[in-house]
Each structure stands twice: as structure tokens, then as C-alpha cells.
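[1] Next input, structure requested:
(2 chains)
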Amino acid sequence: MSPVDVTRVQGQARESGWAIESRAVSKCFGGELALDGVELQVERGSIHALVGANGAGKSTLLRILTGVVWADVGTVHLFGELLPREGAAVRQRVHYVGDGGEMFPAFRVGELCHLFRLLYARYDDVRMQRLLSILELPQAQRIRNLSVGMKMQLRLALALSVHPDLLILDEPTSGLDPVVRRQFYQLLVQEVAKGDMTLLISTHQIAELETIADTISIMVAGRIVESATIEDLRARFCRFQVVARQGLPSLLRQHPAVLECLPVGDSTLLLVDRTKGDLQSELENHSITGLAEVSLTLEDVVSATLRANGYVRDGLLEA
Amino acid sequence: MENWQQYHPSVPIVPVHSDNVEGETMWLQVNPRSPIPMYQQLVDGVRLAVAQGDLHAGDRLPSVRELATAMVINHNTIARAYQELEREGLIEVLRGRGTFISQTPEVAHPNERREEMRETLRKLVLDAYHLRMSREELESMLRAQWEQFDVQRG
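    Have a look, this model is predicted:
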């Protein structure tokens, strides 16, 4: 792909507000449905978190967005343009960083930079050199001698140096210590704040996303079951602690807004979806002696959404 | 995740006074686990700093991007907080120069914000009811807070 084509693609990119727009994307592997009608919209210049159960299809979706795998059914538009059939063209502006991959173990860091200069039309060496020094990565070191964390930092440095329109990170922070992890997110937040890059992060480290992401999508069994802003999603669910003298009326237990009902001592913990009816005013109409709202973390909310969509695991060895 | 907890985004802000470069240090803090939306926590943080005299008229605030980077918070969250502070007239955005604590002490949108205050009070009274607190108890709590605030302001 020549640099001319990249410019052409970039010129058209201004037309759509969506960085990613997938419509009814499905994918089968050996008769197993990995993706089942995925609808995903990610706004330009935003940070989107993709979370979900293991095996929900997150990685397959990311591979489709990077042009490595093709959807059997459905369409994907990136920056208003249909995903080109030419995977190499996609990768000039969509950069993928996963935690696997060997990255030429015999290469020295400097040699890998040179390879990127040859591969990517937008490679920015001044930037790469700055990042190497900020991240304290040694130029002369061979890749195979780098620690897991250093390899991930090198991947991030390379990713930011090729100025992608869309950066896709798959479980990026698993090998990083807390200090480096903070720096990692700091670099990403700074880059997105400049307004030239959209970021899609897939991770199980949900707490890390709380301050960083604009929007979140939750996947279960090949489908996106929820897609919302972090704030809306957190506002949607809450936990009520209810104390009722004669026990909680079954009418309330079966209220559509009640997702879960857990007795704790003489009170009951209710997990509530506020969009499914006004439980609070109903509770106030009953003989309730105490009512307190307990706030939920983003992780609680994601877990609740997974459970509400049939993803349940119990870790009890003995009953 | 425990580790992440240690890194509640916080940032020292060194306000640059027009005539006093030394300035003071304010700590803006955000707790991502709080039920209060993050942008609102930022708004409250700046309001508190102004009320306590940690920030003065004419002090420059960091740009959206600077603050987003320093606190590792999404820039849209910061931008939203600044928009709200600007709506309240607490800060002024001067194109090409930066964001400053306003010189004008006049209250912006007083009626609208009084209505919001009434709504907040309504929720407080409801909470007090469910906590089985008496009206006097709530009133004395409010008085104590007001006194503490006066002490902090000096």
C-alpha cells in the first residue's frame, strides 16, 4: 500500500462521525457461531471498552476490525468507509496490539523500529525515539531479552508512532506493574485527547476503564448485549438494601426491575435495573422499615449484565 | 484491582497568579467508585477550592488535555466539567489563552440552580426519612456543616 492511498483514505474519513460501525456481523468457525449479528458503533475520537465473558467473541470481532478475518455476514464501516478487502490497507490506519505474538525475537529494538519505518507510511521516528526514552526501553536490546512488560510497552510505543486512526488493544495491561500501567493509560488518554485517534480496548480489567472510557459494550455468546456510556450504564443499575418486617412481599421479588434478590440477615439485597420500572416508589408503598441504596462499581454492573444475559458461574467446590 | 485503587486520579494544581507565580497547591480528587458522576466530582472539587480560597480569580487552570493526562481521565469528562463550571460562571475560557477562574463574582443562572438545590434537598429529606432521622437531627447536621465550612474559609 503506498502512502498516496493512505491520504485518500484519510480524506474520506472526515465524512462519518463513527470510527467503527458494524451491522449484523456474524462469523462461523467450523460450524460454531463465534459472532451472532454484532452491532457496534464507536464514535470518532472516543475511547470504547469492549468487555465480556471468556469466549464471547471479543477477539474474533477485533480480528475482523483489523482485516485479519472476514465476516461471513454483515458489514463493517471504518470512518464511514466499507472495510477494504485489502488487509494491508486496513492496517495502515487500524493498529492492533495484543498481548501475544513473538515480534521477531532476534531483532534488536532499534531494528524493529526500522522495520516499522519500512512498513508504515505514517511512521514517525522522532515520536518513537521520545517514547523509547519516556518508557526507558533500550535500543540495543534484543526483543527476546525484554520482559513481558517491556514488550508490551514497546508494542504501545510502536503503535503510537504509526499514528493510527484507530488503535485496538486486546488485554493490554496484563503484564504491567501498577506504575507502568498508569503511565500506559496516561499516554493513551493524552493521545486521544489530541483528537486524532479512536481507541478500542478489550479487557477483563474493568476497574481500569472506569475513568478512561467514554462508552462500553458488553458481549455474551457472540452478541453485544449492552452498549452505553459508562455513566448511563452505572446510573441504570443499583442495589437496594431493604428491611421489611414481614419479609419482602413476593410481588416485589417478582417485579421486572428486580434482577437478583439476596437475603442478608433480616434485610434483602436487591439488584435493580432502573429502566424496567420504578421499584423505589413501589417499595415506599409497602411496609418497608428501612431502605438504603448501595452504589455499584462498573465491575458490579458488568457482572450483573452478564448474569442477566444468562452467563452464570458458581465457584463452589462443595455445596 | 487493589493496585489500581492506589491510583485514584489526583493531581496537584499549581495556580499561576497574574502577580504571584508561586501560587498554592490544590488537590483535585476523583473517586471512580463513587455514585457521583466523575465530571460532577471535578466540578465540586473546583467549587470547593474556590470557596476555600485555594483558587483565586485570575488563576489559570490546566487545559483539558493537560488535566486529562495528569489525572488519567477521559478528556470528555474533563471537558464536560469545564463546560459546567463555565455555565455556572465560575471559570472563563479565553480563546488561545487558557481557562481561568472568573473575575466576576456574580451568580450565573441563579433560578435554575436554586431549583437544582431544591431537588437535592428533596432527596436529602427522603434519605433522612429512610434513615429514620428526625427533622431536628437533619437541621443540626446542616448547621454543623455550615459552621465547618465557615471555619475552613477562615
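[2] Pass me the low-pLDDT residue ranges in the chain, would you?
    If you meant another chain, say so; for now it's chain A. A:1-16, A:245, A:287, A:315-319 (pLDDT under 70).
[3] To clarify, I was referring to chain B.
    Ranges of chain B meeting pLDDT under 70: B:1-27, B:104-106, B:154.
[4] Give me the nearest residue to the residue positioned nearest the centre of it, chain neighbours excluded.
    Central residue of chain B (Cα atoms, centre = their mean): residue B:44, 2.0 Å from the mean position. Residue nearest to residue B:44 in three dimensions, not counting chain neighbours: residue B:36, with 7.6 Å by Cβ to Cβ, 6 or more residues apart in numbering or on different chains. The C-beta positions use only the backbone N, C-alpha and C, and glycine is treated the same way.
[5] Surely that neighbour is within a strand?
    No: assessed with DSSP: H, G, I helix; E, B strand; the rest coil, residue B:36 is coil; it does not lie in a strand.
[6] what number of residues lie near it?
    Residue B:36 has 12 neighbours, counted by other Cβ atoms under 10 Å in any protein chain shown.
[7] Could you do residue A:83 as well?
    21.
[8] name the element the residue lying closest to it once chain neighbours are set aside belongs to?
    In this structure, residue A:83 finds its nearest non-sequential neighbour in residue A:76, 4.3 Å apart by Cβ to Cβ, 6+ apart. Taking DSSP states H and E as the definition, residue A:76 sits inside strand A:73-78.
[9] Now the longest helix belonging to chain A: buried residues?
    In chain A, with assignment by DSSP state H, the single longest helix is helix A:178-193. The neighbour-count check on helix A:178-193 (16 or more other Cβ atoms under 10 Å in any protein chain shown) flags A:180-193 as buried.
[10] helices or strands next to the following helix or strand past that helix in the packing?
    Following helix A:178-193 in sequence order, the next helix or strand is strand A:198-202 (DSSP H and E). Packing partners of strand A:198-202 (3 or more Cβ pairs under 8 Å, 6 or more residues apart in numbering or on different chains; DSSP states H and E): strand A:18-29, strand A:32-43, strand A:47-52, helix A:58-65, strand A:166-170, helix A:178-193.
[11] Just send these back as TSV, with distance to residue B:131 too.
    Converted to TSV, the helices and strands packed on strand A:198-202 look like this (distance: least, Cβ to Cβ, whole Å):
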stretch	distance to residue B:131
strand A:18-29	46
strand A:32-43	41
strand A:47-52	35
helix A:58-65	43
strand A:166-170	44
helix A:178-193	37
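[12] Of the ones you listed, flag the one that's most buried.
    Comparing the helices and strands packed on strand A:198-202 by mean neighbour count (mean count of other Cβ atoms under 10 Å in any protein chain shown), strand A:47-52 ranks first with a mean of 26.
[13] next structured bit after the host helix or strand of residue B:70?
    Assigned by DSSP H and E, residue B:70 belongs to helix B:64-71. Note on helix B:64-71: by DSSP H and E, the next helix or strand toward the C-terminus is helix B:75-87.
[14] now that next one, how far from the centre of its chain.
    Once both centres are worked out by Cα atoms, centre = their mean, to the nearest Å, helix B:75-87 turns out to sit 11 Å from its chain's centre.
[15] could you dump it to CSV, C-alpha only?
    Output of helix B:75-87 as CSV, limited to C-alpha atoms (Å, rounded to 0.1, in the frame of the first residue of the first chain):
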residue,chain,number,x,y,z
HIS,B,75,-10.8,14.2,28.2
ASN,B,76,-14.5,14.3,27.5
THR,B,77,-15.1,14.0,31.3
ILE,B,78,-12.8,16.9,31.9
ALA,B,79,-14.3,19.0,29.1
ARG,B,80,-17.8,18.4,30.5
ALA,B,81,-16.7,19.5,34.0
TYR,B,82,-15.2,22.7,32.4
GLN,B,83,-18.4,23.3,30.5
GLU,B,84,-20.5,23.0,33.6
LEU,B,85,-18.1,25.4,35.5
GLU,B,86,-18.3,27.8,32.6
ARG,B,87,-22.1,27.6,32.6
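[16] could you say what helices and strands that helix packs with?
    By 3+ Cβ pairs under 8 Å, 6+ apart, helix B:75-87 packs against helix A:178-193, helix B:38-51, helix B:64-71, strand B:91-94.
[17] Turn these into TSV, columns for distance to residue B:101.
    Output for the helices and strands packed on helix B:75-87, formatted as TSV (distance: least, Cβ to Cβ, whole Å):
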stretch	distance to residue B:101
helix A:178-193	22
helix B:38-51	6
helix B:64-71	14
strand B:91-94	6
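[18] wait, which of those is closest to residue B:124?
    Among the helices and strands packed on helix B:75-87, the nearest to residue B:124 by Cβ to Cβ is helix B:38-51 (15.7 Å).
[19] which one is residue A:241 nearest to, not counting chain neighbours?
    residue A:292 (4.5 Å).
[20] Might one say that the one you found is in contact with residue A:264?
    No: when contacts are counted by Cβ atoms under 8 Å, residue A:292 is not listed as touching residue A:264 (11.9 Å).
[21] which neighbours do these two share?
    residue A:241 (Cβ atoms under 8 Å, 6 or more residues apart in numbering or on different chains).
[22] tell me how far the ends of stretch A:92-99 are from each other?
    20 Å (Cα to Cα, to the nearest Å).
[23] same deal with stretch A:135-153?
    7 Å.
[24] Okay, buried residues for that stretch please.
    A:135, A:137, A:143, A:146, A:149, A:150, A:151, A:152, A:153.
[25] you'd agree residue A:128 is in a strand?
    No: using three-state DSSP, the assignment for residue A:128 is helix, not a strand.
[26] Quick check: the closest residue to residue A:165 other than its chain neighbours vs residue A:21, distance?
    Using Cβ to Cβ, 6+ apart and skipping residues adjacent in sequence, the residue nearest residue A:165 is residue A:93, 4.3 Å away. Distance, residue A:93 to residue A:21, by Cβ to Cβ, to the nearest Å: 15 Å.
[27] What are the boundaries of the helices in chain A?
    So, for chain A - with DSSP H - the helices run A:3-13, A:58-65, A:87-93, A:109-119, A:125-134, A:148-161, A:178-193, A:206-209, A:230-236, A:250-253, A:279-285, A:298-308.
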